[in-house]
Structures are given as structure tokens and as C-alpha cells.
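*Asks:* here is a sequence together with a model predicted from it:
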Amino acid sequence: MRHFTSVNDVTDLKTALEQAFEVKKNPFAYSHLGKNKTMVLIFFNSSLRTRLSTQKAAMNLGMNTMVLNVNEDGWKLESELGVVMDGDKPEHLREAIPVIGEYCDIIGVRSFARFENKEHDYSENILNQFIEYAGVPVVSMEAATRHPLQSFADLMTIEEFKTKPRPKVVLTWAPHPRALPQAVPNSFVEWMRKADYDLVVTHPEGYELAPEFMGDIKVEYDQDKAFEGADFIYAKNWASYTDYGKILSKDMRWTVDSRKMSMTNNARFMHCLPVRRNMIVTDEVIDSPASIVIQEAANREWSAQAVLKMILESM
Ligand code: AN0
Ligand code: CP
């Protein structure tokens, strides 16, 4: 593996999962692999889990890590080509990226959708500039349209908790006060389709995800009906794709609560975190034994480590 930006960079999902469970069982077995190698993690947006789990994964492999919070510790970076740089951004990605590449062996980058222009966000302009100019492997730590390290950890978690070979997995939209990207749901759908689970997506009208992610997955607009017989409930808010970046609903009837969970097949509750309690999910559900959000977050270390290991092994 050279870069990791989507499920398409994984040649074989089964092998990737095996590697993740192997490093989970024995985290330091490959601590020689990354010796004298450095990973730089670049954040254009906030993070708790991704920054800590990815650094930890790199350290488990013997790597050194450096973190740069663009906008806070670093120069603000211009990403558009051909602009007269007379604004608040003193440096262009065209120089910054190859310079960073000189100092490290792998770059991790987090750069969310900006919701200014749909085509621009969906072209993955920033992530693709990193791939083009870094000269070293690039790992997406959530880009404009995908969050593959999250989805890989989600897949591990479902594999660990499933009680049948092909569980019913329900991705449900839930209300949130601010506009959030489609990266997590896009990626989740992409990975669940590849895993061939029985995937159902439920959301209010107007929240349809991009067709290139949904493929032939059907939307069940009735959330109660979607929950029937579910083995996993994966909650997430996202802003509208069609009416790009808009909040069309804050309908609290979509909050995941105990009544809805009681219609499932004793489903486990999942969320990528950070989660707003009593918006996305009630305290009662997230504090119940059905909730596996902490175990899910814990797997972020192992999905990242499996990815870094595969990259280091092909260097
Ligand atoms: C981000 C999102 O929805 O993409 C990150 C989730 C991992 N969430 C927030 O900004 C709250
Ligand atoms: N789930 C996730 O990526 O969390 P952070 O935004 O805290 O990294």
C-alpha cells in the first residue's frame, strides 16, 4: 500500500482485518518496522481520537511523530492555485507540502469539507495536492468526502460484536445543531458495502448521500421500520448533500432512544464520536450495555496501526 485514502486502497479487506486484529493482540511485534522513520500529522481541523490513536499506532511501530496544527501553530496555508496571495494566508500548499515531505516518511492529513462549493469539496483538492506533491505516502485522517481510518475501525468493531455472519447494520441520520460533513457516512457506506453486510440507510428526505457512495443501497425513510431487526445501529449527523451543506432538519424525533432500540434485535449502538448527547442519542442508550462507542474508538489505534504497517512494509 502506498497511500490510504479510501477502502479502494485496501487490496483485500479480509487480510487487512486480520492484520488489524493481529496488531491488536500483539501491538509491539513490529516495533522494528518504523525505526528511524517519522510520521507528520497535519490537522486543518480539530481532533481528539484521530490525533492520539494515529500517533500511538505510529509509536507502536517504532516511528517518531510530529504534529502540526495548521491555522494555530503553523502558517495559514493557501490551497487555490492562481490566486494573488494578498489575504491572510502567507504560504501556499504547493511549497508547504513538499517541504513537509522532506522532513518525514509518511504524512497524515485531516482536512474537512468546507461547504463553500460541492464540486470543489468532492474533488478532494487538498488531499490530492498532498498525494501529488508530498513525495511520501499520504494517509487520510478524514478528508472532504471520506474518513477511512474510522470506517476500518467500525468494521473491526462489527466483526468483534456480530453474532451472525451477515448482520443487519443500520446507518441512521440524527439531529445536530451544526452542519457536519458527509465524510463519515460516505465512508461507512463504502466499507459496509465492501464487507457485504445487510446495510440499511435511514434519514429524512433531502439527506440523500452522493450516488457514487450509495450504489444500489436503498434508503428507508421510515426510521422505525429501518430499526426493525437491526443488529447494529450506527448513528451520525450530516448536512445535506443535494442542498449542499444545509441543515434541513433538526427533528428530535430522529434522536436514537430506548424505544427505538427496543425494536431492534438487541442491537449494539455505535457512533464515531465526538457525539452530542440527547441530540444524536439519549443518555440512556449511550450509557447502556448496548453502546460500544468506547470499544469502537479503541479500535482506531489498531486500524491506524494496520494501515501504517502495510505502508511501511511496501516502502
Ligand atoms: C466531524 C464530522 O462529522 O465529520 C468529525 C467526526 C469524526 N465531527 C464534528 O465536527 C463534530
Ligand atoms: N472519530 C474521530 O475521528 O474523532 P476525532 O475527530 O476526535 O479525531
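*Replies:* Ah, there it is. Ligands and ions are numbered 1, 2, ... in the order given.
*Asks:* please report how far the residue nearest the centre of the chain lies from ligand 2.
*Replies:* Centroid check for the chain by CA atoms, centre = their mean gives residue 147 as the closest residue, at 2.4 Å. Per CB to the nearest ligand atom, to the nearest Å, residue 147 is found 6 Å from ligand 2. C-beta: built from backbone N, CA, C; applies to glycine.
*Asks:* distance of that residue from ligand 1?
*Replies:* Distance from residue 147 to ligand 1, counting by CB to the nearest ligand atom: 6 Å.
*Asks:* do residue 309 as well
*Replies:* Relative to ligand 1, residue 309 is positioned 23 Å away (CB to the nearest ligand atom).
*Asks:* wait, what's in contact with that residue?
*Replies:* Residue 309 makes contact with 19, 23, 30, 33, 61, according to CB atoms under 8 Å, 6 or more residues apart in numbering.
*Asks:* can you list contacts of stretch 28-47?
*Replies:* Outside stretch 28-47, the residues within contact range by CB under 8 Å, 6+ apart are 22-23, 51, 54-55, 58, 60-71, 77, 100, 103-112, 126, 141-142, 308-309, 312-313.
*Asks:* now list the buried members of the residues you listed.
*Replies:* Buried by 16 or more other CB atoms under 10 Å: 22-23, 51, 54-55, 58, 60-65, 68-70, 77, 100, 104-112, 126, 141-142, 308-309, 312, out of the contacts of stretch 28-47.
*Asks:* who in the chain is up against ligand 2?
*Replies:* Taking CB under 6 Å from any ligand atom as the criterion, the chain approaches ligand 2 at residues 47, 48, 49, 50, 142, 150, 272, 273, 274.
*Asks:* can you check the pLDDT for the first one?
*Replies:* The model reports residue 47 with a pLDDT of 98.
*Asks:* sec struct for it, please.
*Replies:* Recorded secondary structure, residue 47: coil (DSSP: H, G, I helix; E, B strand; the rest coil).
*Asks:* same question for the last one.
*Replies:* Classification of residue 274 into helix, strand or coil gives coil, according to three-state DSSP.
*Asks:* identify the residues contacting residue 256.
*Replies:* With contacts defined as CB under 8 Å, 6+ apart, the neighbours of residue 256 are 172, 174, 233, 235, 269, 280, 281, 282, 285.
*Asks:* give the contact list for the fourth one.
*Replies:* When you say that, I think you mean residue 235. 172, 174, 256, 269, 270, 271, 275, 280, 281.
*Asks:* give me the element it is part of.
*Replies:* Using DSSP states H and E, residue 235 sits within strand 232-236.
*Asks:* for that strand, what is the average pLDDT?
*Replies:* Computed over strand 232-236, the mean pLDDT rounds to 99.
*Asks:* helices or strands up against the next helix or strand after it?
*Replies:* The helix or strand immediately downstream of strand 232-236 is helix 258-261, counting by DSSP H and E. With contacts taken as 3 or more CB pairs under 8 Å, 6 or more residues apart in numbering; DSSP states H and E, helix 258-261 sits against helix 223-227, helix 283-286.
*Asks:* can you say which of those helices is packed in most?
*Replies:* helix 223-227 (a mean of 18; mean count of other CB atoms under 10 Å).
*Asks:* can you list contacts of that helix?
*Replies:* Residues outside helix 223-227 that contact it (CB under 8 Å, 6+ apart) are 170, 172, 200-202, 220, 233, 253-254, 260-261, 263-264, 267.
*Asks:* kindly reformat the contacts of residue 309 as JSON lines containing secondary structure and pLDDT.
*Replies:* What follows is those, written out as JSON lines (DSSP: H, G, I helix; E, B strand; the rest coil; pLDDT from 0 to 100):
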{"residue": "19", "secondary structure": "helix", "pLDDT": "98"}
{"residue": "23", "secondary structure": "helix", "pLDDT": "98"}
{"residue": "30", "secondary structure": "coil", "pLDDT": "98"}
{"residue": "33", "secondary structure": "coil", "pLDDT": "98"}
{"residue": "61", "secondary structure": "coil", "pLDDT": "98"}
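*Asks:* picking up where we left off before, select only the buried ones of the residues of the chain next to ligand 2 in ChimeraX?
*Replies:* Of the residues of the chain next to ligand 2, the buried ones can be selected in ChimeraX as follows, counting by 16+ other CB under 10 Å:
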select :47,49,50,142,150,272
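*Asks:* and the residues of the chain next to ligand 2 near ligand 1, which?
*Replies:* Near ligand 1, judged by CB under 6 Å from any ligand atom, the entries from the residues of the chain next to ligand 2 are 142, 272, 274.
*Asks:* closest to residue 243 out of these?
*Replies:* residue 142 (22.4 Å; CB to CB).
*Asks:* surely residue 107 forms part of a strand?
*Replies:* Yes. Judged by three-state DSSP, residue 107 forms part of a strand.
*Asks:* show me the beta-bridge partners of it.
*Replies:* Residue 107 has these beta-bridge partners by DSSP bridges: residue 40, residue 138.
*Asks:* fine, thanks again, bye for now.
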